[in-house]
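In: From the sequence below, what's the structure:
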Amino acid sequence: MGKQNIPLDGHETDEIPEGLFTPDNFQALLECRINSGEEVLRKRFETTAVNTLFCSKTQQKQMLEICESCIREETLREVRDSHFFSIITDDVVDIAGEEHLPVLVRFVDESHNLREEFVGFLPYEADAEILAVKFHTTITEKWGLNMEYCRGQAYIVSSGFSSKMKVVASRLLEKYPQAVYTLCSSCALNMWLAKSVPVVGVSVALGTIEEVCSFFHRSPQLLLELDNVISVLFQNNEEKGKELKEICHSQWTGRHDAFEILVDLLQALVLCLDGINSDTNIRWNNYIAGRAFVLCSAVTDFDFIVTIVVLKNVLSFTRAFGKNLQGQTSDVFFAASSLTAVLHSLNEVMENIEVYHEFWFEEATNLATKLDIQMKLPGKFRRAQQGNLESQLTSESYYKETLSVPTVEHIIQELKDIFSEQHLKALKCLSLVPSVMGQLKFNTSEEHHADMYRSDLPNPDTLSAELHCWRIKWKHRGKDIELPSTIYEALHLPDIKFFPNVYALLKVLCILPVMKVENERYENGRKRLKAYLRNTLTDQRSSNLALLNINFDIKHDLDLMVDTYIKLYTTKSELPTDNSENIENT
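Out: I've put the predicted structure just below:
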């Protein structure tokens, strides 16, 4: 059932007519096996009453927990064998009405492949300190991972949860200084920064953007409608129109330049949503028309317009830097050296925020005028100011104080936090990759930056000599030999084991969450997690079944699962008996 993503309950409780016993999916599956000639099951249940549950809810829960634990253990065993790993959490999700954090681990397996695997959900806690304690306890005690070997941690969360996960990161860093807090390669830096901004208007705008993108991806007809509007608007610039159409057919909200795209697309989105809502030919059902009306109202709100324009301009300073972080290994290496320039630019913006905000606000008002949107302060603020005759606050100054200033300040601080000295040192160790060495004319100094990983090396005393041999090997290579351009390629070199310290360093660098998984075959955990959440109704989701579904290809030992169940639940009240839980007919 887990592999096929079949929920245990086949129907809602309130859908069952009163007085009628209807078996759930698990019960129905047992009955199917009995009817198919399963003698052991038939003998076990042939003496039970018709209205008896073959397996109680409690027993189902116990079996699911055993199955989940055994499947997870297969992955965790490989992680322990690899020693070093990193922890990544994805955005908080709703599992049957409760918030959970999806947790993934990164490690290099025995075949030298970097893998990112899903290992389970953690119940989310509103209190950051409690969350940090439970997060640590689950990973170390319940899952049995030694955090002394954790070399990286990354958290992809929306703005409402960002500050709490930073507390988790800092608490782990206090105990395990080598668990470097980094960005995650699967999330563009600009989107990660935007999600972390502690401004309500930004959170609302990001949610609206996601809803608009999801709306048009509901059906090809909606995308075609948007394409037609773009064609009309950009008939004098067909190349730009073609580019925007291609972007609209992708998941563009996760791109580095998402806010630039949104500003370019905004007029087309407004006209298209307005057209769908007011269509006189009744091509769209009431739900689609209603959603179009709601979304059109959201994107034509002046608060939304100002927010996306400010984000577009502020994040333009980090766009190239962030793009390089998701580029080739050499791009990531050189990006580490460009952070100072990025921070210098943002600090200059902060020092002259009056001037910059004036330009941004003018751009927002021009865009609003173009779309016939009234410029006004948010209703909540206007209501709070009623009767305050002394208030002379203008829209421009209001948005400067509540949006531009906190956004720029936050992004500067967030960049400093995420790109700590340790993180930058780790990125500079990427000069170990031969292609990066070549670009630096083999004049590199990894020893200094690799000091933080000295305890991870098998022979630290010979590191200097080994690095010298490593440089000479590539500097004097044959003309027909290409320099490996990624850590993945370097780890798969036939003679890599002759450089044990280099091999150990590359393995540790490889698992840092900021480094992308080169081979997509080994990034299935995140993709399958997204597919499960997309294809499963919220009230039918199960943290146990989710792990079985996402890790359907992991080997499992049914005998071990049965033995574990018997050892843990051996009391008569917990083992199945002929007097199993009854459903009384009313």
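In: For the protein, which segments are assigned as strands?
Out: For the chain, the strands defined by DSSP state E occupy 85-89, 93-95, 98-108, 114-123, 150-155, 180-181.
In: Just send these back as CSV, with mean neighbour count too.
Out: Heads up, the C-betas are built off the backbone N, CA and C, glycines and all. Output for these, formatted as CSV (neighbours: other C-beta atoms under 10 Å):
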stretch, mean neighbour count
strand 85-89, 24
strand 93-95, 18
strand 98-108, 22
strand 114-123, 23
strand 150-155, 25
strand 180-181, 24
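In: Minimum distance to Cys67: which of those strands has it?
Out: strand 114-123 (12.3 Å; C-beta to C-beta).
In: Which neighbouring elements make contact with the closest one?
Out: On a contact count with 3 or more C-beta pairs under 8 Å, 6 or more residues apart in numbering; DSSP states H and E, strand 114-123 meets helix 57-82, strand 98-108, helix 128-137, helix 524-535, helix 543-550.
In: how close does Ser316 sit to Gln251?
Out: Remark: distance between Ser316 and Gln251 (C-beta to C-beta, to the nearest Å) = 21 Å.
In: I meant Leu76, not that one.
Out: Separation of Leu76 from Gln251 (C-beta to C-beta) stands at 31 Å.
In: Show me which of the two is the more surrounded one.
Out: Leu76 (21 against 12; other C-beta atoms under 10 Å).
In: Trp143 is in contact with that one, correct?
Out: Yes - Leu76 is in contact with Trp143 according to C-beta atoms under 8 Å; the separation is 5.9 Å.
In: Could you tell me how far stretch 517-537 lies from the centre of the chain?
Out: Averaging C-alpha positions (C-alpha atoms, centre = their mean, to the nearest Å) puts stretch 517-537 10 Å from its chain's average.
In: Give the residues shared as contacts by Leu76 and Trp143.
Out: Listed contacts common to Leu76 and Trp143 are Val119; contacts here mean C-beta atoms under 8 Å, 6 or more residues apart in numbering.
In: Excluding chain neighbours, give the residue nearest to the residue positioned nearest the centre of the chain in space.
Out: With distances taken as C-alpha atoms, centre = their mean, Asp90 lies nearest the centre of the chain, 3.6 Å away. Nearest residue to Asp90, sequence neighbours excluded (C-beta to C-beta, 6 or more residues apart in numbering): Pro102, at 4.3 Å.
In: Val199 versus the one you found, what's the distance?
Out: Look at Pro102 and Val199: by C-beta to C-beta, they are 26 Å apart.
In: Where does the prediction get shaky in the stretch 151-300 of the chain?
Out: 159 (pLDDT under 70).
In: Distance of Leu193 relative to Asn352?
Out: Applying C-beta to C-beta, the value for Leu193 to Asn352 is 20 Å.
In: That should have said Leu415, apologies.
Out: 19 Å.
In: Comparing these two, which residue is more hemmed in?
Out: Remark: of Leu415 and Asn352, Leu415 carries more neighbours, 19 against 11, as counted by other C-beta under 10 Å.
In: Does that one touch Val342 like I think?
Out: Yes - with contact defined as C-beta under 8 Å, Leu415 reaches Val342; the gap is 6.9 Å.
In: wait, what's in contact with the nearest residue to Leu189 once chain neighbours are set aside?
Out: Sequence neighbours aside, Gly322 is the residue nearest to Leu189 in space, at 2.9 Å (criterion: C-beta to C-beta, 6+ apart). Contact analysis of Gly322 by C-beta under 8 Å, 6+ apart lists 188-190, 256.
In: Pipe the residues you listed into TSV and attach neighbour count and distance to Ile566 per row.
Out: Compiled in TSV, those are given as follows (neighbours: other C-beta atoms under 10 Å; distance: C-beta to C-beta, whole Å):
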residue	neighbour count	distance to Ile566
Ala188	24	49
Leu189	25	51
Asn190	27	53
His256	21	54
